[in-house]
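**Q** Let's see this in three dimensions:
(2 chains)
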Amino acid sequence: MPKQPRQLVEMSWDPITRIVGSLGIFTKIDFANREVAECHSTSSIFRGFSGFMKGKDPRDAHFITSRICGICGDNHATCAMYAQNMAFGVKPPALAEWIVNLGEAAEYMFDHNIFQDNLVGVDYCEQLVRATNPGVWEQARRTEAPNAGLHGYRTIADIMTALNPFTGELYLATLAASRYTREMFCLMEGRHVHPSTLYPGGVGTVATVQLFTDYLVRLARYAEFMKRCVPLHDDLFDFFYAALPGYEKVGLRRTLLGCWGSFNNPEACDYTYANMPRWGQSMFVSPGIVIDGKLVTQDLVDINLGIRILLGHSFYDDWTAAETFVAHDPLGNPVDQRHPWNQTTIPHPQKRDFDGKYSWVMAPRWFDGKEHLALDSGGGPLARFWATALAGRVDIGYVRSTGDGVEINLPRTATLPATTLNWKIPRWSNTLERNRARTYFQAYAAACAYYFAEQALAELRAGRTRTWTQFAVPEEAVACGFHEAVRGMLSHHVVIRGGKIANYHPYAPTPWNGSVRDLYGTPGPYEDAVQNTPIFEENGPEAFKGIDIMRTVRSFDPCLPCGVHMVLGPGKVLETHCSPTFGR
Amino acid sequence: MPSGRSLPAGAPDPMAAQASRRHPAAGTTGAASTASTAGEPAGEIAVLWITAGLSCDGDTIAMTAATQPSIEDLVRGAIPWAPKVKLYNPLLAPEVGDEFLAAFRRAAAGELAPFILVVEGSVPDEHNKQEGYWASFGTDPATGQPITTCEWIDRLAPRAWAVVAAGTCAAYGGIHAMAGNFTGCMGLPDYLGREWRSSAGVPLVCIPGCPVQPDNLTETLLYLCHQFAGLAAPIPLDEALRPRWLFSQTVHEGCDRGGYYEQGEFGDAYGSPLCIVKLGCWGPVVQCNVGKRGWIGGLGGCPNVGGICIGCTMPGFPDKFQPFMEEPPGSLLSSAALMTYGKAIKALRQFTKDSLNKVPSWRAAPPRRST
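**A** Alright, predicted model coming up:
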């Protein structure tokens, strides 16, 4: 119960910047009680991939769907390729799988890196901290950084200054790192962000000694960078907990995390639906759903069958009367009409009405047999680590799941010794832990890349240089691909008829994280996380920047190729709830 | 050489006749062309960048990958003779919401000038439905409804010093304009008109690519900065409004696998280091410099690294290139014709190569003498 009489002020931010895509966040804020009372997230762009993919050649799917996203398009291309491999019944050579894994690892290294310190990092930079919490800035100047010996910044304020846009040392070093990691990506997948060398059946990349040399020298440079970055971010985020007691409640929501698994293991993965539970569990990032700290499933078939696409308050008409494309999966399990295999997209543009329909994002949910759960990805890394830690399956030396965390072992680099980093399951699924997991996952991706490069070189040295397997396109097929886009769970579902695409539905992390209220009234994760957020910003309504809200939204690493909106200024007083009897 | 008249070598410039008339346009903006002689940056120009077309934001991401020049080079005024760029792009802006939109509102009201408007994403047809929006950017405080991207273009384009369509979607419609789409979207030349000119007389500039090759994007912005400073001639564009020095050559003309094509050596499986035209590569007829420039830092690309060219810089992309993984019909004839000639040439080259692989006979160690 609010302690003070509620006086709600409408505040909105449209567009939300420093994310990918268009997002608006509309809130009602209770300044007297210093909390967000209500939040709606809205996406302002409709693009309609599922519409124009109908009738196209299924071999084109990865080229087309890459264009869904301009920062992690290759994750889509890869996921589409996994679905194509299942549909066409083709298994790429092991070397091709290692090359794809190396490309995807580079994508995680690049994308988490640029997002962490060039986009979300600005929310923690000197410029913004001084503008929103001058008291915190003063404290940061007095606080020695515990890991100064590892990263070189004496105080927390020095770290914040290093994050200032276009002038900060870390900001600029990060931009530079974002380039050579994209060069690593281009070595394996041709071009960033829409790959040229991925194909169903493998890759067109020519596996030469030089290819791996060029990759390894950059990987080693990045590993060295990570040995400084991870302890730096630990210092920064730990400082916020200490400087602002109660900051753990910012962006806190129930632990409802989904991870669809990443980095296929060619020794296990045959791309058959029947064997999917087995090869899914041999991935180097384990798939799984974590509810209230428990791993409820790590089986990709269970995960697949539980997906439901609800429309809720989005600008679409229902398709319950439309065609059922897949009544049963290839194992004979019934498939719901609200499953992506059976989805028919019927856009219905209309005025935006927060009591009615207000966004182009639908409401994907995971049905556990009892309720439709609004899973989030924790921005990607939080769910990946949580699922991988609890599953306890990954152990390749460079990375190891320990049951209560994940151990990352980076080898010796130019000036720094071999280093072990330990990510531990946190107490909260909140803003700071989403961000902390991101920095650790950058190191995890680098450590995995050492392993993949080792395996790829073993293939090359053994003379197994083929990177592609021939296939034929079937007349009829039903298939799915599961992957982890940089910011979370990614699935592609395809139905092929007459050798053409009859139905195609990609579900990226942002439809989950940025979803609208569903028909049961359950808010989407951004909405839910923001609604629980206390306000620590020192500014009142007149100069309010909404920094705690921005940090929360950005902790999910929004990537809409659509947005969150904030209206600054005095704000409009909406309603006053005075309750003299119960007021304290 | 007076840099003000330097044109890229080779291609004739269709705008040359108008150049003398339009070239002083830079002067109308008040740019300090005199400053250039002192090596000082010539003033400042704003770049207002809208990513809210139907897009993936991949061209903005490409901007962050560029090194020739880099975005921080442009923003910090590191490149000689170019005005400093004041960048308003949603990906990198510290400001949020209305604070971020303030610059766009001022520009629309004529209170922020001069500026280059960069549009990313294809432009939807907002008239093909009863109500609502396909693409929007910010909220109208009067109505509480989204402001459509089309409204922003209508407000800003007439006041811009130049308008740039970044990426194939903004240039020609691209992926979103594929047959069967809901939104009726199109490229900026179709929306504004192919003959459109800015108030300063600069034609619409299209920098295609899906996404745009990073350095092509920032280099074109740099060219416009130099033009704005009064130092470069009007940007030379081809009939599809592409910068000529970047898009005159075909992929094939710059491809390091072109030699295999010449010798009639064609790969029959992806992963082959030979020419991949029979696997779906459209490089011989697509205008793009990727083979020469690579993708990032000179690395990567398309056919040069084993990726078929799917024609992503072309106005006909994607429909005219689909299905992508089929041999382009035109290459059947040309590659067949090459088989005899190419094989013969290769055999002759092999003969010469074998000879060149031997050191000249006199370099052998002298015979040992024994008594």
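
**Q** Please name the residues that touch the residue in the stretch 101-250 of chain B that chain A sits nearest to.
**A** Sorted by distance to chain A under CB to the nearest CB, the residues of the stretch 101-250 of chain B start with residue B:132, at 3.0 Å. Quick note: C-beta positions are derived from backbone N, CA and C, even for glycine. Residues in contact with residue B:132 (CB atoms under 8 Å, 6 or more residues apart in numbering or on different chains) are A:315, A:348-352.

**Q** Mind doing that once more with 6 Å?
**A** A:349-350 (CB atoms under 6 Å, 6 or more residues apart in numbering or on different chains).

**Q** Would you mind giving the secondary structure of residue A:228?
**A** Here residue A:228 is recorded as helix under DSSP: H, G, I helix; E, B strand; the rest coil.

**Q** can I assume the residue of the stretch 101-250 of chain B closest to chain A sits in a helix?
**A** No: Residue B:132: not assigned to a helix; according to three-state DSSP it is coil.

**Q** quick one: pLDDT of it?
**A** Reported pLDDT at residue B:132 in the predicted model: 88.

**Q** From residue A:349, how far off is it?
**A** Remark: distance between residue B:132 and residue A:349 (CB to CB, to the nearest Å) = 3 Å.

**Q** Residue A:361 too?
**A** Look at residue A:361 and residue A:349: by CB to CB, they are 14 Å apart.

**Q** For those two, work out which one has more neighbours and name it.
**A** residue A:361 (26 against 20; other CB atoms under 10 Å in any protein chain shown).

**Q** shouldn't the more buried one be in contact with residue A:514?
**A** Yes: applying CB atoms under 6 Å, one finds residue A:361 in contact with residue A:514, separated by 5.2 Å.

**Q** give the contact list for residue A:229.
**A** Going by CB under 6 Å, 6+ apart, residue A:229 touches residue A:439.

**Q** Number of residues surrounding residue B:180?
**A** Per other CB under 10 Å, the neighbour tally for residue B:180 reads 12.

**Q** ok, it touching residue A:50?
**A** No: with contact defined as CB under 6 Å, residue B:180 and residue A:50 do not form a contacting pair (10.5 Å).

**Q** Quick check: the gap between the residue positioned nearest the centre of chain A and residue A:438.
**A** Closest to where the C-alpha atoms of chain A average out (CA atoms, centre = their mean) is residue A:487, at 1.2 Å. Plainly put, residue A:487 is 9 Å away from residue A:438 if you go by CB to CB.

**Q** swap in residue A:492?
**A** Relative to residue A:438, and taking CB to CB, residue A:492 is found at 24 Å.

**Q** Okay, now the unreliable bits of chain A?
**A** A:1-2, A:561-584 (pLDDT under 70).

**Q** one more time with 50, if that's ok
**A** Scanning chain A for pLDDT under 50 picks out the ranges A:562-584.

**Q** mind listing the strands for the stretch 51-200 of chain A?
**A** With DSSP state E, counting those that start in this stretch as the criterion, the stretch 51-200 of chain A has strands at A:198-199.

**Q** Tell me the residues of it that contact chain B?
**A** Residues of the stretch 51-200 of chain A that fall close to chain B, judged by CB under 6 Å from any CB of the partner chain: A:51-52, A:57, A:59-60, A:63, A:67, A:69-71, A:122, A:165-166, A:179, A:182-183, A:186, A:190-191, A:193, A:196-197, A:199.

**Q** do the stretch 251-400 of chain A as well
**A** Residues of the stretch 251-400 of chain A lying close to chain B by CB under 6 Å from any CB are A:347, A:349-352.

**Q** Grab the nearest non-local neighbour of residue A:49.
**A** Take residue A:49 and drop its neighbours on the chain: the residue closest to it by CB to CB, 6 or more residues apart in numbering or on different chains is residue A:68, 6.1 Å away.

**Q** Verify the contact between that neighbour and residue A:76 for me.
**A** Yes: look at residue A:68 against residue A:76 with CB under 6 Å: they come within range, at 5.0 Å.

**Q** end to end, how far does stretch A:104-123 reach?
**A** 27 Å (CA to CA, to the nearest Å).
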